Structures are given as C-alpha cells and as structure tokens.
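Enquirer: Return a 3D structure for these sequence lines:
(one chain, ligands or ions: 1)
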Amino acid sequence: MKRWDVAVIGGGAAGLMAARTAARCGAETVLLEGNPRPGKKLLSTGNGRCNLTNRAIGPEHYRGDDQKIAAVLDSFPADRVIRAFEAIGLLCRADGKGRVYPNSLQAASVLRALWSACEEAGVEICADFPVDAVAPEPDGFRITGGQGACLRAERVILACGGKAAPKLSCKAGGYGLARLLGHSVTALSPALAPLKSPSKVCGALKGVRCRAKASLLCKGEEIYSESGEVIFGEGQLSGICIFNLSARLRAAKGGPLAVSLDLLESLDACAVAEYLQNLRLARPALPAGELFAGALPVRMGQEVAKAAGLPREKTIARLTESELARAVETVKHFEFPITGPAGWEAAQVTAGGVPLREIDETTMASLRCPGLYLAGELLDVDGDCGGYNLHWAWATGLLAGEAAGRGGKA
Ligand SMILES: Cc1cc2nc3c(=O)[nH]c(=O)nc-3n(C[C@H](O)[C@H](O)[C@H](O)COP(=O)(O)OP(=O)(O)OC[C@H]3O[C@@H](n4cnc5c(N)ncnc54)[C@H](O)[C@@H]3O)c2cc1C
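Expert: Below is the predicted model of the structure:
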C-alpha cells in the first residue's frame with residue numbers, strides 16, 4: 001500500500017490551497033475529495049464571481065477566538081493571499097468596497113488556477129473518495145473511504161468544510177473525523193443566512209428590495225447593526241446586511257429577537273417629521289396610505305403606513321399630530337420579530353466547529369493529535385460577507401500546507 005507524506009481530506013478552497021502548498025514543499029501529497037470533482041462550492045461563491053478576499057481583512061470581521069484569529073490574519077493579510085494567486089497566474093481586482101475578485105469575475109478561473117497548480121506541483125487528486133475513517137498509527141495515519149479503499153499517510157490535513165449549503169459538499173463531512181482524532185466540536189448553527197420572521201408584512205412585501213439600516217435586537221437591546229439592501233421574501237428577510245446580522249445570533253442569548261429597520265437612514269426623526277409636515281402643506285389631499293410614496297418603494301411605503309395604524313381613507317391634511325409622529329417612529333424603527341436563521345440549505349457558512357484553542361495557530365497543527373492539521377470552515381471561525389470566509393480558508397490552507405509539507409522541519 002502506497003504511503004503518502006501528506007493526505008489532504010477535502011478538495012475545497014482550503015484543501016486545494018493546502019495540497020498545492022504541501023507538494024511545493026517537497027511532500028508527496030494526495031488530495032481526497034468526496035464529490036466527483038473538487039471545488040464544487042468554490043464555483044458557487046460570490047454569485048459565480050468568487051469574492052476571494054477583502055482589502056480590509058481584520059479580526060473584527062470574524063467570530064471565534066479573537067487572539068488566534070488575529071495571529072493568523074497578521075501573517076496572512078489580503079496582499080499575501082493576492083500574491084499567492086498571482087504566483088499561479090490569477091490576476092485579481094478589487095471593487096470600491098475592497099472586495100477582491102478574480103480579474104475574469106469568474107469563480108471557474110480560481111478553481112482552474114488552483115487545480116492545475118496542484119497538478120503541476122505533483123498532487124495526486126482522488127475524487128469520489130469520501131473519507132469515513134482516519135486512524136492514527138505509530139508512524140502516521142490509516143485512511144479509509146471511497147468504498148473500502150484504504151491508504152496511509154504520515155501527516156493528514158483535515159479541510160472538510162462545514163454544514164452550510166450541503167448540496168455543494170459530499171455527505172461524509174469532517175466533524176466526525178475530527179472527533180475520532182480527539183477534537184471537540186462546538187455547537188453548529190447556520191450563519192450568513194436569511195432570517196426567519198413570522199410577520200405577515202414579509203409576505204406582503206415579497207420581492208421588494210430597499211436600503212435600510214438593519215439592527216439586530218435581543219430583548220430590545222441592539223446587538224449589531226449594518227446598512228445595506230434588505231430583500232423581503234415569504235417568512236424571511238434577506239440581503240448582505242441581514243446575512244451579517246445572522247452571523248451575530250450566537251451573541252444574542254435568551255430573549256425575543258427582532259430586526260429593526262431604519263428605512264430613512266439619511267434623515268433623523270426630526271428631518272422625517274419636517275418632510276411630512278412640508279408634504280402636508282404641499283399635497284393636503286394625498287391619502288395617508290401614500291404618505292411615503294415619494295420616499296420609499298411604493299409597497300414598502302404602504303406597509304409602513306399600515307403598520308403605523310394610519311386610516312387609509314384619511315387625507316394627509318386630516319392626520320393628527322400623533323398619527324404623524326407614529327408614522328415617523330415606524331419608518332425609523334420598522335420592527336420584525338425573528339425566530340432564527342433560515343436552514344443549512346440557505347446558509348453560506350457554519351458558525352461553530354473545532355475550537356482554535358485545540359490548534360497551534362502558527363502551523364494549524366492539532367494540539368490533540370500529532371501529525372494532524374486542520375484548515376478552513378471546519379474550525380470554529382466564521383467571517384462576514386465580503387471575502388472573509390474564503391480568506392480564512394486560503395490563509396489556514398497555506399499555513400497547514402507549509403507545516404505539513406515540511407513535516408515539522410523549519
Ligand atoms: C453560495 C455560497 C456563496 C459563497 N460566497 C462566498 C464568497 O464570495 N466569498 C467568501 O469569502 N466566502 C463565500 N462563501 C463561503 C465559502 O465558500 C466557504 O467558507 C469556503 O468554501 C470554506 O472552504 P473550505 O475549504 O473550508 O470548505 P469547502 O469549500 O466546503 O470544501 C470542503 C470540501 O471537503 C469535501 N469533503 C467533506 N467531507 C469530506 C470527507 N469526509 N472526505 C472527502 N471529502 C470531504 C467537500 O465535498 C468539499 O469539497 C460562500 C458559500 C456559499 C455556500
């Protein structure tokens with residue numbers, strides 16, 4: 001039975017990067033992927049454009065062990081990841097928000113570059129090989145899977161990803177393997193996902209998109225807020241700012257949750273009140289239901305007026321001062337009760353995983369099992385939308401690949 005220097009389990013972002021790096025360090029490397037081809041999830045990232053890192057990389061965009069995350073990011077700023085891609089011929093470009101994409105704006109270019117760089121470095125890629133057991137032996141590991149196939153490797157890199165978007169990953173997964181090898185796994189929950197709301201207003205606004213400052217509230221206290229486009233759907237709120245709110249749900253413990261939308265963020269409450277008073281003078285016959293027709297998407301404005309309890313048949317001239325004040329309050333704090341994130345299918349990443357306290361952050365080596373390394377989403381780290389999760393996968397894949405490839409030698 002052939003014995004490899006390094007076996008990488010999982011051919012996603014972290015695994016491909018780790019395998020290429022290990023092979024370049026001179027290690028005989030095999031990459032084992034459960035799907036028929038590596039990189040299926042990578043092809044779906046960034047709506048097929050692959051937002052591969054962000055110029056504003058920093059620990060504030062991640063949840064997990066802050067110190068260990070900072071240590072990894074310090075050694076792998078965005079430039080280092082961009083240089084690693086440019087070294088394999090992939091040109092990158094940043095948009096106005098610092099989000100970095102391949103110059104082609106095609107995720108397929110990223111996968112092609114990584115895959116061919118793996119092959120050129122001599123990585124043996126074994127697809128259709130879902131690993132179901134990894135057993136430590138005196139001088140390495142015995143790996144079984146792929147319908148009874150078995151191989152041996154001196155060192156193993158686990159890069160099996162998480163539970164999000166399960167249709168894009170093989171079913172075998174990596175949490176069971178990590179546990180078999182002595183690691184713990186913290187509670188797992190879907191993150192970067194739409195938020196579910198029982199409010200009928202979501203259904204009434206289905207398909208409507210509008211800009212807002214969205215705040216996540218727990219027992220009425222603000223946990224986090226972010227501005228952006230909110231998209232309404234049957235029983236849910238979505239959009240990048242909502243995804244980023246969903247990633248903060250772990251911090252919201254033991255209380256009713258809500259999202260409050262400030263639909264006119266650029267105006268404070270006094271300015272909104274002044275706008276409505278001026279509107280009353282200029283257009284006294286305007287029906288109350290049309291109060292926000294000039295400021296918000298039409299259906300949105302109608303739902304705000306309804307939620308504020310304004311009688312539809314009344315004209316704006318006949319609205320009382322308290323009715324106008326309610327309209328101001330509602331448009332600045334349009335609240336939706338939240339029951340949790342949408343399921344794994346709709347999530348982009350996993351919150352939770354193998355805790356970083358069980359990992360040496362300078363090499364991604366396991367502190368529980370000699371010869372084992374872990375990388376990517378399998379770890380208890382999740383980042384914001386904007387290239388932060390792939391950045392984590394590349395950075396930890398590079399670190400693990402370097403350390404496993406050298407076999408602990410400097
Ligand atoms: C729709 C979508 C869009 C996204 N867009 C972005 C984006 O633009 N920017 C960004 O930063 N992040 C994005 N993400 C998140 C990002 O894709 C992940 O965080 C990243 O892919 C994680 O990399 P990974 O290598 O750890 O895991 P994965 O990419 O999930 O790779 C893990 C691989 O391991 C394989 N595997 C699992 N178990 C086994 C096993 N037992 N044996 C063999 N193989 C196994 C899986 O089949 C999979 O191929 C997006 C996610 C989704 C779902």
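
Enquirer: per-residue confidence for the closest residue to the ligand within the stretch 51-200 of the chain?
Expert: Nearest residue of the stretch 51-200 of the chain to the ligand (Cβ to the nearest ligand atom) works out as residue 161 at 2.5 Å. In this view, the C-beta of every residue, glycine as well, is placed from N, C-alpha and C. You'll see residue 161 listed with a pLDDT of 98.

Enquirer: burial of residue 274, as a residue count?
Expert: 13 (other Cβ atoms under 10 Å).

Enquirer: so it is in which element?
Expert: Assigned by DSSP states H and E, residue 274 belongs to helix 269-282.

Enquirer: Using CSV, write down the CA coordinates of that helix.
Expert: Only the C-alpha atoms of helix 269-282 are listed here, as CSV (Å, rounded to 0.1, in the frame of the first residue of the first chain):
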residue,chain,number,x,y,z
ALA,A,269,-36.5,61.7,13.1
CYS,A,270,-36.8,65.5,13.2
ALA,A,271,-36.0,65.7,9.5
VAL,A,272,-38.6,63.0,8.7
ALA,A,273,-41.2,64.9,10.7
GLU,A,274,-40.3,68.1,8.8
TYR,A,275,-40.6,66.2,5.5
LEU,A,276,-44.1,65.0,6.4
GLN,A,277,-45.2,68.5,7.6
ASN,A,278,-44.0,70.0,4.3
LEU,A,279,-45.7,67.3,2.4
ARG,A,280,-48.9,68.0,4.2
LEU,A,281,-48.7,71.7,3.1
ALA,A,282,-47.8,70.9,-0.4
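
Enquirer: So residue 211 versus the ligand, what's the distance?
Expert: Separation of residue 211 from the ligand (Cβ to the nearest ligand atom, to the nearest Å): 21 Å.

Enquirer: Once you drop chain neighbours, what's closest to that residue?
Expert: Once flanking residues are discounted, residue 211 sits nearest to residue 229: 5.8 Å by Cβ to Cβ, 6 or more residues apart in numbering.

Enquirer: and what of residue 406?
Expert: In space, and not counting its chain neighbours, residue 406 is closest to residue 25: 5.1 Å by Cβ to Cβ, 6+ apart.

Enquirer: what comes up buried for the helix or strand harbouring residue 154?
Expert: Using DSSP H and E, residue 154 sits in strand 149-158. Residues of strand 149-158 classed as buried: 151-158 (neighbour count, 16 or more other Cβ atoms under 10 Å).

Enquirer: what does stretch 112-121 give?
Expert: 112-115, 117-118, 121.

Enquirer: Please apply the same query to stretch 72-85.
Expert: Neighbour count says stretch 72-85 has 72-73, 76-78, 80-82, 84-85 buried, by 16+ other Cβ under 10 Å.

Enquirer: Now cross-check the residues you listed against the ligand and list the overlap.
Expert: Checked against the ligand using Cβ under 6 Å from any ligand atom, the buried residues of stretch 72-85 yield no neighbours at all.

Enquirer: before we move on, which element is residue 82 in?
Expert: helix 78-86.

Enquirer: Could you point out the helix or strand that follows that helix?
Expert: The C-terminal neighbour of helix 78-86 among helices and strands, as given by DSSP H and E, is strand 92-94.
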